[in-house]
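>>> Could you work out the structure for the sequence below:
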Amino acid sequence: AAGTVNNKGYKHIALARYNSDGSPDQSFGNNGLVDFSLDFQISAFVENMVIQQDDKIVVAGNSNKGINGSLLPFITRFNTDGTVDKGFGQGGEVFTPFQNDTKISSIALQPDSKILIGGTYAYLSFPKFLILRYLPNGILDSSFGADGVAKQGFGSGTFAQLNSLTLQKNGSIICGGYEQ
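Got it, this is the predicted structure:
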């Protein structure tokens with residue numbers, strides 16, 4: 001399970017792992033729980049997670065680390081025991097800055113272990129669908145979209161929000177959300 005825990009006024013990443021009988025897995029984190037702070041005085045809002053083929057846990061969400069407290073997407077990878085994977089991104093964390101407010105809502109893994117995160121990118125007050133693709137080590141994949149980023153709007157003056165993404169067997173990325 002993944003979510004957010006309030007710790008001294010800041011939101012931290014919270015993970016919990018349970019055994020098949022519903023009891024906490026004592027071999028994971030601290031008695032089955034992980035409370036991880038992204039950075040000093042930064043709040044993290046977990047939106048989604050996936051489990052890689054090697055059982056490492058990739059968590060995606062939003063932080064208030066952006067300009068003037070605006071939302072900034074993050075991904076963090078944890079080892080199977082609940083410790084942060086220091087070999088991923090910078091010390092286990094990846095932040096992707098944008099000039100405008102961005103909200104991540106979904107994550108998916110491609111068969112080649114590349115990581116997709118999806119959400120909404122606010123541009124001139126008309127949000128668009130947003131997809132970012134990272135290499136397995138946490139670096140943006142420059143071969144995807146424009147330097148690892150793909151944005152798609154639905155026309156002038158429309159509001160679009162991406163809520164989920166998934167992969168088809170042929171490798172196509174399907175995004176779901178709404179437009180108004």
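>>> in what helix or strand does the residue sitting nearest the centre point of the chain lie?
Centroid check for the chain by C-alpha atoms, centre = their mean gives Ala60 as the closest residue, at 1.7 Å. Element membership for Ala60 (DSSP states H and E) is strand 57-63.
>>> Now do that strand: which elements does it pack against?
strand 2-7, strand 10-16, strand 44-51, strand 72-78, strand 102-109, strand 115-121 (3 or more C-beta pairs under 8 Å, 6 or more residues apart in numbering; DSSP states H and E). For every residue, glycine as well, the C-beta is placed using N, CA and C.
>>> can you tell me which of those the model trusts least?
The minimum mean pLDDT among these belongs to strand 2-7 (a mean of 87).
>>> quick one: strands adjacent to that one?
When pairing is defined by DSSP bridges, strand 2-7 lines up against strand 10-16 (antiparallel).
>>> and stretch 42-54, how far from the chain's centre?
5 Å (C-alpha atoms, centre = their mean, to the nearest Å).
>>> buried ones in that stretch?
Ile42, Ser43, Ala44, Phe45, Val46, Glu47, Asn48, Met49, Val50 (16 or more other C-beta atoms under 10 Å).
>>> Can you say which helix or strand has the residue located most distally from the centre of the chain in it?
Within the chain, Asp21 marks the point farthest from the mean C-alpha position, 28.7 Å out by C-alpha atoms, centre = their mean. Using DSSP H and E, Asp21 falls within no helix or strand.
>>> what about the strand holding Ala60, distance to the chain center?
With C-alpha atoms, centre = their mean, you get 3 Å for strand 57-63.
>>> Need the contact partners of that strand.
With contacts defined as C-beta atoms under 8 Å, 6 or more residues apart in numbering, strand 57-63 is touched by 2, 4, 13, 15, 38-39, 42-52, 71-78, 80, 95, 102-104, 106-107, 109, 115, 117, 119.
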